[in-house]
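1. need coordinates for the below:
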Amino acid sequence: MNTARKQRRAPVALPKFWRPKLAEGVKLDAKLIHHDLVHRLETGTATVSDMWDWMETGFTYSQMFRLLKEDGVELTEDAEAAIAAQLNSYGAICKRLRQWRKVQLTKAELETARVATQVFDGLIDLDRNGIAVAAAEWSMRQMAQLRKAMPG
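-> Purely as a prediction, here's the structure:
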């Protein structure tokens, strides 16, 4: 009876070295989607939903950066600064959304988004040990909290 109970327990998470990397097609899709979101922001065609997706992407990649660094990957200070700059822009962007009910980025914020996009492309290529998936799951939880506090 004890053996049967032990076998029914929830499976233990796979050790990190057994977790799969993202497939190349998934990495390419992530890059294309992110570049499309930034293009929409640049052209003024971004919807509020696009803005939320873009912000979620930024949270995902910032978490990827942190997890990769913890996993021993050497990352540059410039990459860290680009990510921080994008995350720091979210407050002003959300404030304008709340005031004017539209998505609007300044020229400086758009340049920050372009630079961060290049960093993010490099991070997705460094994915290992399920880091991208863990980062995306964390990001979705963060965005759920943020969306509750903001108009849709």
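2. contacts and neighbour counts: CA atoms only from here.
-> Noted.
3. low pLDDT regions in this protein?
-> In the predicted model of the chain, residues 1-19, 150-152 satisfy pLDDT under 70.
4. where do the helices sit along it?
-> Assigned by DSSP state H, the helices in the chain fall at 2-8, 24-43, 48-70, 77-100, 107-125, 131-149.
5. mean neighbour count added to these, as JSON lines?
-> Shown next, in JSON lines, are the helices of the chain (neighbours: other Cα atoms under 10 Å):
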{"stretch": "helix 2-8", "mean neighbour count": "8"}
{"stretch": "helix 24-43", "mean neighbour count": "16"}
{"stretch": "helix 48-70", "mean neighbour count": "20"}
{"stretch": "helix 77-100", "mean neighbour count": "15"}
{"stretch": "helix 107-125", "mean neighbour count": "18"}
{"stretch": "helix 131-149", "mean neighbour count": "16"}
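6. got the contact list for the residue most central in space within the chain?
-> Centrality entry for the chain: nearest residue to the mean C-alpha point is T60, 2.0 Å, by Cα atoms, centre = their mean. T60 makes contacts with 132, 135-136, 138-139, as judged by Cα atoms under 8 Å, 6 or more residues apart in numbering.
7. please convert these to TSV, extending it with distance to L105.
-> Supplementary listing: these in TSV, determined by distance: Cα to Cα, whole Å:
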residue	distance to L105
A132	27
A135	25
A136	24
W138	25
S139	21
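8. so which of those residues is the closest to I33?
-> The shortest approach to I33 among those belongs to A136, at 14.2 Å (Cα to Cα).
9. which non-adjacent residue is nearest the closest one?
-> Once flanking residues are discounted, A136 sits nearest to T60: 5.0 Å by Cα to Cα, 6 or more residues apart in numbering.
10. pull up the gap between that neighbour and T106, please.
-> For T60, the distance to T106 equals 22 Å [Cα to Cα, to the nearest Å].
11. what sits against the closest residue to F120 other than its chain neighbours?
-> In this structure, F120 finds its nearest non-sequential neighbour in Y61, 6.1 Å apart by Cα to Cα, 6+ apart. Contact partners of Y61, counting by Cα under 8 Å, 6+ apart, are 83, 120, 123-124, 132, 135.
12. same thing with L87?
-> With contact set as Cα under 8 Å, 6+ apart, L87 has these partners: 58-59.
13. ditto for T117
-> Taking Cα under 8 Å, 6+ apart as the contact definition, T117 lies against 34-35.
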